[in-house]
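below: sequence and its predicted model.
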Amino acid sequence: MTYFSESLGGFIPAAWKNDGTYTTETWPADAVLLTDEESDRYWRQPAPVGKKLGSSGGRPAWVDIPPPSPPTRAQVEAQRLRAYADPLIGSDRYFAEAQREGLIGNAEAAEVAKALGLARFAEIQAEHPWPAE
């Protein structure tokens, strides 16, 4: 036999009610004894995809996992900075190449690298848009 407590968000083996794990004062007031059907469906069972254990009317139930909260402006800025600096696909490598080409006098190659850098910079900003305020 197993109990379910909505306030604890989980299950309590029946033995814990009398073995000293819980006292009369600490036993959850909302603990309900599971039916055999509820026990088979929820006790020690993995949640279906996209669901988590919750409750409905004080009884166990599979409820939808809420969507993740949108990223903050600081999180987006951190994602962008990491993307700009990525040595393989970031925009910074193009700007470094443009500067290097400019220093050795190859203006045409510098402009090409700069244009590639600006294009990648814009792509990164599109991949990591600012959150709506």
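Thanks, I have it.

check the residue in the chain sticking out farthest from the centre and give its pLDDT.
The C-alpha centroid of the chain is most remote from Gly105, which lies 48.1 Å away (Cα atoms, centre = their mean). Confidence at Gly105, expressed as pLDDT, is 96.

got it, and the one 5 residues further on?
Predicted confidence (pLDDT) for Ala110: 97.

tally of neighbours for it?
Applying other Cβ atoms under 10 Å, we find 18 residues neighbouring Ala110. Every residue, glycine included, has its C-beta placed from N, CA and C.

Three-state assignment for it, please.
What DSSP: H, G, I helix; E, B strand; the rest coil gives for Ala110 is helix.

mind listing what it touches?
Ala98, Gln99, Glu101, Gly102 (Cβ atoms under 8 Å, 6 or more residues apart in numbering).

which helix or which strand is home to the last one?
Secondary structure assigned from DSSP states H and E places Gly102 in helix 92-103.

which positions within that helix qualify as buried?
By neighbour count with 16 or more other Cβ atoms under 10 Å, helix 92-103 contains the buried residues Asp92, Arg93, Tyr94, Phe95, Glu97, Ala98, Glu101.
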